[in-house]
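Undergrad: Could you work out the structure for the sequence below:
(one chain, ligands or ions: 2)
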Amino acid sequence: MKKLITPISNHLKLTITVPGSKSLTHRALITAALAKGHSTLENILLAEDTLLTTEALRQMGVKIDISNTQAVVQGIEKKLIPPKRPVYLGNSGTSMRLLTAICAIGQGRFVLTGNERMQQRPIQPLLDALNQWGVKAYSERQNGCPPVVIETQGLNGGKTEIDPTISSQFLSGLLLAAPYGRRDSVIEVKGKIASLPYVDLTIDVMEKFGISVKNLNYKCFEVKKGHYQACQYTIEGDCSTASYFWAAAAILKGEVTVRPIAQTSKQADIGFVNVLKKMGCQIIPQGDGIKVIGRNNLRGITVDMNKMPDVVPTLAVVAAFAKGETVINNVGHLRVKECDRLQAVATELKKMGIEVKEKKDGLIIKGGQPQGAEIETYNDHRIAMSFAIAGLKVPGIIIRNPDCVKKSFPGFWETGLFK
Ligand SMILES: O=C(O)C1=C[C@@H](OP(=O)(O)O)[C@@H](O)[C@H](O)C1
Ligand SMILES: C=C(OP(=O)(O)O)C(=O)O
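TA: Ligands and ions are numbered 1, 2, ... in the order given. This is a model prediction of the structure:
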């Protein structure tokens, strides 16, 4: 299937309500599943990846009732049951990395697998860290990627080391599992943490569920043994999803408010509005959301995007319309996402007549006058959604396999922006 995007000719002025955060939904489902008592989660994201986490937890014995965007989760603490068959997690890196660590809390043999791409995405550093906690965790094909096997009699806890230079998700997984060790846990960090704000997001959710984490300057984390307390938790809107609509305001010189997003959000991608501000947009807090106003003077910038990798495709598309060069640095980890996002973005922008240089760990994009093109999406929701925004300005943008947006936002095409 393909989708031709129709440009918007009138002044773009709207408020968009985005669904709940994907990262927060995964975390809240997991902490609620491991809690004592039943939790009520409001405004959860109902998308492919979060439903994979839901289904995986159900297969391990957790009762989760979903109605509309509310989930009622009956926590089972450590008593996760190994499913008879491998648990399928599609291409959801967050599900794979967080649940691998969580399975280690249970008793027995767990096997987690995913689609072809997931089987190329690294996980060895997390398996090594779990081994140090007394759990036999290994890559079935001995290639450092899923399928993973976790043979466990429970977590010892104590000290472990983790290298989170390609993914923060390894560290997030360890943190989430840590309270269920036999001993208090100490997680030592070897190397620079990629996508660092996601670690703060993990700690924030853990705290909402009653577990505190001692953060020693991101070099070492200490977690005392204990258990999560069930609670009522409302998930805020997804800032990565919001980025597409803020980007639309930027390139169309429009005004777009996205809600519900708190100014104080701990989500990494709230930082995208500051990037747009540097490029010349105006940012205004608006009720329970944030408004971006696009101006006439979109200009290229040099920016380190290590902390917000998921909005790099959005930024790259905005950069194609800006005056001058945009240099995106320090995002080598984009090569192991849903696709190699540096290569994908460079290839597709070139099709649109934009000059792009692909670096080992970044992109240099020379703003110009993008042309219509048929965009390959590489089964990557973020490539589809970013390039669709370009099509609101430029005639002739066609998105291949538009359905891939279902990974994080199945309602993307029904927001009113696309005819
Ligand atoms: O923990 C999370 O919820 C996520 C962490 C990030 O991954 P990495 O830490 O692997 O960069 C991000 O790209 C992903 O979409 C969600
Ligand atoms: C990289 C992403 O997700 P995950 O790592 O969970 O597959 C994403 O949503 O952009």
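Undergrad: Make sure I150 is actually in contact with K136.
TA: Yes - I150 lies in contact with K136 (Cβ atoms under 8 Å); the separation is 7.5 Å. Placement of C-beta: from N, CA and C, glycine included.
Undergrad: who's more crowded, the two?
TA: It is I150, of I150 and K136, that has more neighbours when counted by other Cβ atoms under 10 Å, with 24 against 14.
Undergrad: so how far is ligand 1 from the closest residue to ligand 2 within the chain?
TA: Nearest to ligand 2, among the residues of the chain, is G93, at 2.6 Å (Cβ to the nearest ligand atom). Counting by Cβ to the nearest ligand atom, to the nearest Å, the gap from G93 to ligand 1 is 6 Å.
Undergrad: Around ligand 2, which positions in the stretch 251-400 of the chain sit nearby?
TA: D310, K337, E338, R382 (Cβ under 6 Å from any ligand atom).
Undergrad: residue contacts, the residue lying closest to I105 once chain neighbours are set aside?
TA: Distances taken as Cβ to Cβ, 6 or more residues apart in numbering put Y180 closest to I105, at 4.3 Å, once the chain neighbours are dropped. Listed by Cβ atoms under 8 Å, 6 or more residues apart in numbering, the contact set of Y180 reads L34, E77, K78, I105, G154, L155, G157, K225, H227.
Undergrad: now do R295
TA: K253, G280, C281, Q282.
Undergrad: and what of L80?
TA: M60, G61, V62, I102, C103, I105, G106, Q107, F110.
Undergrad: can you pull the contacts of the third one?
TA: For V62, the contact set (Cβ under 8 Å, 6+ apart) comprises A33, V73, Q74, G75, I76, L80.
Undergrad: measure G90 to P197 for me?
TA: For G90, the distance to P197 (Cβ to Cβ, to the nearest Å) stands at 24 Å.
Undergrad: Neighbour count: those two, which is higher?
TA: Neighbour tally, G90 and P197, criterion other Cβ under 10 Å: the higher count belongs to P197, 20 against 17.
Undergrad: Could you give the backbone dihedrals for the nearest residue to that one once chain neighbours are set aside?
TA: If the residues on either side of it in the chain are set aside, P197 comes closest to A268, at 3.7 Å by Cβ to Cβ, 6+ apart. Here is the backbone geometry of A268 (degrees, to the nearest 10): phi -50, psi -50.
Undergrad: try P82
TA: The phi and psi torsions at P82 (degrees, to the nearest 10) take the values phi -70, psi 120.
Undergrad: what's near enough to touch the residue lying closest to it once chain neighbours are set aside?
TA: Once flanking residues are discounted, P82 sits nearest to G108: 3.7 Å by Cβ to Cβ, 6+ apart. Residues near G108 by Cβ under 8 Å, 6+ apart: I81, P82, E151, T152.
Undergrad: Quick one: name whatever helix or strand follows the longest helix seen in the chain.
TA: Taking DSSP state H as the criterion, the chain has its longest helix at helix 239-252. The first helix or strand that comes after helix 239-252 along the chain, using DSSP states H and E, is strand 255-259.
Undergrad: Adjacent strands (with direction) for that following strand?
TA: strand 13-17 (parallel), strand 289-293 (antiparallel) (DSSP bridges).
Undergrad: Quick check: which of those strands is buried the most?
TA: Greatest average neighbour count among the strands paired with strand 255-259 goes to strand 289-293 (a mean of 22), per mean count of other Cβ atoms under 10 Å.
Undergrad: what's the next helix-or-strand element following it packed up against?
TA: Next helix or strand after strand 289-293 toward the C-terminus (DSSP H and E): strand 302-304. When contacts are defined as 3 or more Cβ pairs under 8 Å, 6 or more residues apart in numbering; DSSP states H and E, strand 302-304 packs onto strand 325-329.
Undergrad: Get me the contact residues on the stretch 51-200 of the chain for ligand 2.
TA: So the stretch 51-200 of the chain meets ligand 2 at N91, S92, G93, T94 (Cβ under 6 Å from any ligand atom).
Undergrad: Tell me if I'm right that the first one and E338 touch.
TA: Yes - in this structure N91 lies within contact range of E338 using Cβ under 8 Å: 5.7 Å.
Undergrad: which residues do those two both contact?
TA: R117, N379, K407.
Undergrad: Show me which of the residues you listed are buried.
TA: The neighbour count (16 or more other Cβ atoms under 10 Å) marks R117, N379, K407 as buried among the shared contacts of N91 and E338.
Undergrad: Please tell me how far the closest residue to the second one other than its chain neighbours sits from G157.
TA: It refers to N379. With Cβ to Cβ, 6+ apart as the criterion, N379 has its nearest non-adjacent residue at 5.0 Å, and that residue is C404. Counting by Cβ to Cβ, the gap from C404 to G157 is 39 Å.
Undergrad: check contacts around H333.
TA: T165, I166, S167, A194, S195, N306, P309.
Undergrad: Tell me the secondary structure of the fourth one, please.
TA: In other words, A194. Recorded secondary structure, A194: coil (DSSP: H, G, I helix; E, B strand; the rest coil).
Undergrad: Give me the nearest residue to it, chain neighbours excluded.
TA: A194's closest residue in space is H333 (Cβ to Cβ, 6+ apart), at 4.7 Å.
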